[in-house]
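[1] no sequence for this one, just the structure:
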């Protein structure tokens, strides 16, 4: 499958390299030409064990190409929105940045291109993207796959997950996604797109709660000498 990945920080690079390793023809895009130059030279912006070697291998065999020109997306079948959503000093997410990037890219997409959202975005974003597609005369489907990649173990998280959560408009399985993740031995859990969007927030909330709980428990241990 010919796939475009937009946004090349930790999330986007993992998807670009991972999907290329699965045998797909991947065009990885970022508007920053300096970053693209580094990727073409096999240099990563974020270290992840084993990722650089896999990047170089797939670049050399032609499965993975980097570009700062979204016009190169004209022939892709699926676009993966993988921007790491920017946050300000108070951790407020700049959702409009991701939407604006998508609106700029869409001019270069074919009429039947499908969209897979993996960026961390609020519930309802898939509906917003669907409206943008309709407004621009595109009739592809919009899906969401909330990522759960762990820093330092992202390759394991990508290739050996316990499950792959995918949200679709009607909650039914989608053949494009099945083909996309062919080669990964993990069940795909299908649900409504809003349910998948909530699942990402639930994962983040659970992790935050776990960290807070352990911090409080550690303080108690210090007080009582445990």
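    Thanks, I have it. The structure displayed is predicted, hence computed values, not measured ones. Numbers count the residues shown, from 1 in each chain.
[2] Could you measure from residue 185 over to residue 217?
    According to CB to CB, to the nearest Å, residue 185 stands 36 Å off from residue 217. The C-beta positions use only the backbone N, C-alpha and C, and glycine is treated the same way.
[3] out of those two, which sits in the more crowded spot?
    residue 217 (11 against 8; other CB atoms under 10 Å).
[4] longest helix in this protein, by residue count?
    helix 193-224 (DSSP state H).
[5] Which elements pack onto it?
    Applying 3 or more CB pairs under 8 Å, 6 or more residues apart in numbering; DSSP states H and E, one finds that helix 193-224 contacts helix 125-135, strand 142-144, strand 164-168.
[6] Now render those as TSV, adding distance to residue 57, mean pLDDT and mean neighbour count.
    Shown next, in TSV, are the helices and strands packed on helix 193-224 (distance: least, CB to CB, whole Å; pLDDT from 0 to 100; neighbours: other CB atoms under 10 Å):
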stretch	distance to residue 57	mean pLDDT	mean neighbour count
helix 125-135	32	93	16
strand 142-144	28	96	25
strand 164-168	24	95	22
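[7] Nearest approach to residue 98 belongs to which of these?
    helix 125-135 (8.1 Å; CB to CB).
[8] where do the strands sit along this structure?
    Taking DSSP state E as the test, the strands found in the chain are 2-6, 25-29, 64-67, 78-81, 114-117, 142-144, 164-168, 188-192.
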